[in-house]
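Enquirer: Based on what follows, work out the 3D shape:
(2 chains, ligands or ions: 3)
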Amino acid sequence: MSKSINLKLQVWRQENEETSGDFHYYSMNEVPVDISFLEMLDILNENLTKEGVEPVSFDSDCREGICGTCGFVINGIAHGPQAKTTVCQLHMRHFNDGDTLVIEPFRATPFKIVRDLVVDRGSFDKIIQAGGYVSINTGNGPDANSILIGKDDAEEAFDSAACIGCGACVASCPNASAALFTSAKISHLLQLPQGKVEERARVKSMVDKMDEEGFGACSNHGECEAVCPKGISIKNIANMRRSLIKSIVK
Amino acid sequence: MSILKAALPEKDIVTHVTKLDGKTPGGDLHDKWSKYKSEMKLVNPANKRKYNILVVGTGLAGGSASATLAELGYNVKTFCIQDTPRRAHSIAAQGGINAAKNYQNDGDSVQRLFMDTIKGGDYRAREANVYRLAEVSTNIIDQCVAQGVPFARDYGGLLTNRSFGGAQVSRTFYARGQTGQQLLLGAYSSMMRQVAKKQIELYTNKEMLDLIIIDGKARGIVVRDLKTGKIETHTGEAVVLCSGGYGNVFFLSTNGKNSNATAAWRCHKKGAFMANPCFTQIHPTCIPASGEYQSKLTLMSESLRNDGRVWVPKSEDDKRPSDEIPDSDRDYFLERMYPAYGNLVPRDVGSRAIKRVCDEGRGLGATGRAVYLDFASAIDRLGKKNISDKYGNLFDMYETITGESPYNMPMRIYPAIHYTMGGLWVDYDCMSNIPGLFVLGEANFSDHGANRLGASALMQGLADGYFVIPYTIGNYLANNSMDAVSDTAEEFKESVDEVKKKNDSLLKINGSSTVLELHRELGAVMWDLVGMARTKESLADALEKIPQIKDKFWNDLNLMGGGDNLNKSLENAARLADFLELGELMAMDAYDREESCGAHFREEYQTSEGEPLRNDEKFAYVSAWEYVPNSTSILHKEDLDYEFVEMTQRNYK
Ligand SMILES: Cc1cc2nc3c(=O)[nH]c(=O)nc-3n(C[C@H](O)[C@H](O)[C@H](O)COP(=O)(O)OP(=O)(O)OC[C@H]3O[C@@H](n4cnc5c(N)ncnc54)[C@H](O)[C@@H]3O)c2cc1C
Ligand code: SF4
Ligand code: FES
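Expert: Numbering: from 1, shown residues only, chains lettered A, B, ... in the order given. Ligands and ions are numbered 1, 2, ... in the order given. Below you'll find the model as predicted:
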């Protein structure tokens, strides 16, 4: 009943962080168009295993577009050709019979390649450790309704807080900047009274940490926003800059 | 029948005579917890830093526990399998979190949340635990808001609520359809603050593979570094297991691909009792499997049944597209079978009805495992705009996955495994029967009885981590003096050898069946025979088939690669080995429980209306299974004494 397509895959294979990698070529025949991209790779891996070849390592968890575990580059675009879609939510119906797909890991110095398409984005944790929180111990919170937050402010804070930490923004930036990721957290907290208190210290420390971890500077390419699966806006970067200037001027 | 009986475990189930004690403190239900807290021994601040606490898991339970224990001054080491703690499966929870705030002034109270949860669980949960859960629920919301969790607000700036199943009040707090994400990021940010203060040492990409018991107490864990394959050991004065649920036994479920039972199961094999393993929850409205390559299932909010009508063609031979089937040839089976409730029957009833029509051969599509959820009449009645305001984001998500727009054609849905109420047995302190091993969140069995209400898992994970463990662990440490242990101890060496041996033996089988094939095979057996509706015969069948798959696994597994770098197949194989053993115990538990309660539906035991029929005389107990190497598990029973609530027949009509 369901349609199927034939594909040529060119997949990056790399043993571990230390070794160099290269592309391997695989043909995939009769791929049902209803399945997801990762399910297509599941089939590839089943075939490889049966042929006695080690399967391609790639990572995923929720396969619902919310955990940020999945992610690689397809034909030069982080998370593939479908806008606002993580690779786990990308379905084969968006490809054509006979397509060649070049699949490679997110490349950026602060993301170490673990194996094949798997990278470690632990450096994002370091940025959050530098201030991406409200300093409150468990049990100290006042009654929740004693903090009033306008509906629009709450919605805007939410838009920023929706980042899934996938790293596509970094991978697609020519400078490997983490500005979109970092600014999303800064703006989320900045737009809420709870987070406002520590604004100055936070922004300074998080921005410094970004540099320290080896992420590049933002030079307004805008690639990050284009590939972000959660539609995180570069307005957040403007917020971060404004906040940073305030913190320095004072 | 007689053959089955002879082949079957009846006589193999050894029932322990001793009663298991949940150690619920005495006194009136309403002040048990506060009184108990005030009588607990405390660890003084200077001493806290002498204790190392190992927390396994960084979901809502593990994240909140790690942060809180570190804030108190304990040395915390936290482990997770993902590359960052923020990816724990809790991130995927959609709908919301319950709390008895009564902000809507609609009559909610701690007592009402307690009663709803007890009743929802079909009287198979421990009263005192559930009351405490309801009691601390309000503190959770305060805590999360203080962290900056952007809950939904109304125009006046106050928090808003939605209604969820099994409740007549509006007490569910939510952050769009991403409540789990926002709550987890809150707990995660608190954790990161403590990592920065060096109060938490973070170990990502590590999988716990064994628990170390020394002098009868949990004193350490063995983990595998998933990137390098190195086996490492960690010592501590307590282990807090927060490793999530085991829904992936069924292969297809709404759980994340990394959700697994291994940490819990390895503790079970070291002596921790596994409680009520057969209590698993099915969610009626998920996007159905599209074919044999399906890797997981996606939940579609239950709220859709407010306006969607569920149907299949009357005839199994009717293969026309939906828009060519006239009303007269459609069977709106929920409306037909349950005229009073129609499409809004409870989760378990709806799920079973859908399965029944598909079993009759009337299911849709290539797999025959789907029914329509149709919005055409609602769109006619209310207009497209109205429907889009209510369900727009769900419709979009559905379209992303299936390529079909629910505005133009009916959705297809099918039930899926969603949550596991069973888990490691814990007492009122959230401590297992192994002293020093605490279990929180979905990994324990504690609060939901035989059925969990929507929006209560997030509440429980955070209650355990933020507000229960900080007290009970202190009490344990203050009451137990312990010698220092070193990971050169014999117990560690033995375990490390054992873990290595197990991985090596998996890598050496050299057979022809892949992990995925075998997992699918197990999943099919679990779903067909230990799924939504079970019978003595189906369970007997499962108890024969699962060991066969297990044999095939150990003799015919095809596993590529080695053990000293990232090897997903090896990780999955080791997890499947544990799922195979757990699956068998689930079937055994379901076999033993000759009643229906909540989500555990034994077809033999139902009311004339098809509702689960409990047997309180014989089965008002928690089944807690003890692992016996190379033999049948031993069943211990914790009697459920209902002191404050009367057990009645659940009735939602
Ligand atoms: C799709 C979906 C929607 C849901 N929606 C809701 C909802 O709206 N409301 C609600 O209340 N509940 C909901 N639930 C249920 C709820 O999300 C879960 O029960 C809850 O989040 C579980 O939290 P946890 O902390 O116990 O475990 P998890 O979040 O599963 O975390 C497990 C942690 O343990 C770690 N781990 C596992 N094994 C090991 C190991 N061997 N070694 C080291 N680390 C390990 C993992 O890395 C992870 O960090 C939903 C569930 C699903 C599947
Ligand atoms: S900002 Fe977007 S692309 Fe970057 S990590 Fe967050 S979700 Fe991913
Ligand atoms: S696997 Fe979770 S976002 Fe793709």
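
Enquirer: Output the below-cut-off pLDDT ranges for chain A.
Expert: Counting by pLDDT under 70, the ranges of chain A that qualify are A:1-2, A:250.

Enquirer: Pick out the residue nearest the middle of it.
Expert: Geometric centre of chain A, nearest residue: A:Cys166, 2.0 Å, by Cα atoms, centre = their mean.

Enquirer: which residues touch that residue?
Expert: With contact taken as Cβ atoms under 8 Å, 6 or more residues apart in numbering or on different chains, A:Cys166 is in contact with A:68-71, A:79, A:86, A:121, A:229. Backbone N, C-alpha and C define where each C-beta goes, glycine included.

Enquirer: Tell me which helix or strand A:Cys169 sits in.
Expert: helix A:168-172 (DSSP states H and E).

Enquirer: Between the helix or strand following that helix and ligand 2 (residue level, any contact counts), is there anything?
Expert: Using DSSP H and E, the helix or strand that follows helix A:168-172 towards the C-terminus is helix A:179-190. Yes: using Cβ under 6 Å from any ligand atom, helix A:179-190 reaches ligand 2 at A:180-181, A:184.

Enquirer: Against which helices or strands is the next helix or strand after helix A:179-190 packed?
Expert: For helix A:179-190, the following helix or strand on the C-terminal side (DSSP H and E) is helix A:193-196. Judged by 3 or more Cβ pairs under 8 Å, 6 or more residues apart in numbering or on different chains; DSSP states H and E, helix A:193-196 is in contact with helix A:179-190, helix B:127-147.

Enquirer: Extract the CA atoms of the first one and return them as PDB.
Expert: So that's helix A:179-190. Coordinates of each C-alpha in helix A:179-190 appear next as PDB, following Å, rounded to 0.1, in the frame of the first residue of the first chain:
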ATOM      1  CA  ALA A 179      25.000  32.400  21.100                       C
ATOM      2  CA  LEU A 180      21.500  31.200  20.300                       C
ATOM      3  CA  PHE A 181      21.500  28.500  22.900                       C
ATOM      4  CA  THR A 182      23.000  30.700  25.600                       C
ATOM      5  CA  SER A 183      20.800  33.700  24.900                       C
ATOM      6  CA  ALA A 184      17.700  31.500  25.000                       C
ATOM      7  CA  LYS A 185      18.400  30.600  28.600                       C
ATOM      8  CA  ILE A 186      19.400  34.200  29.500                       C
ATOM      9  CA  SER A 187      16.200  35.600  27.900                       C
ATOM     10  CA  HIS A 188      14.000  33.000  29.500                       C
ATOM     11  CA  LEU A 189      15.200  34.000  33.000                       C
ATOM     12  CA  LEU A 190      15.500  37.700  32.200                       C
END
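
Enquirer: Tell me how many other residues surround residue 248.
Expert: Here I'm looking at chain A. 10 (other Cβ atoms under 10 Å in any protein chain shown).

Enquirer: sorry, should have said chain B
Expert: By the measure other Cβ under 10 Å, the count of residues near B:Asn248 is 25.

Enquirer: Got the phi and psi for it?
Expert: Here is the backbone geometry of B:Asn248 (degrees, to the nearest 10): phi -70, psi 0.

Enquirer: got it, and the one 4 residues further on?
Expert: Per-residue torsions, B:Leu252: phi -90, psi 120 (degrees, to the nearest 10).

Enquirer: Could you do B:Glu604 as well?
Expert: The phi and psi values for B:Glu604, taken as degrees, to the nearest 10, are phi -70, psi -20.

Enquirer: so what pLDDT did it get?
Expert: You'll see B:Glu604 listed with a pLDDT of 97.

Enquirer: which residues does it contact?
Expert: Applying Cβ under 8 Å, 6+ apart to B:Glu604 gives the contacts B:535-536, B:594.
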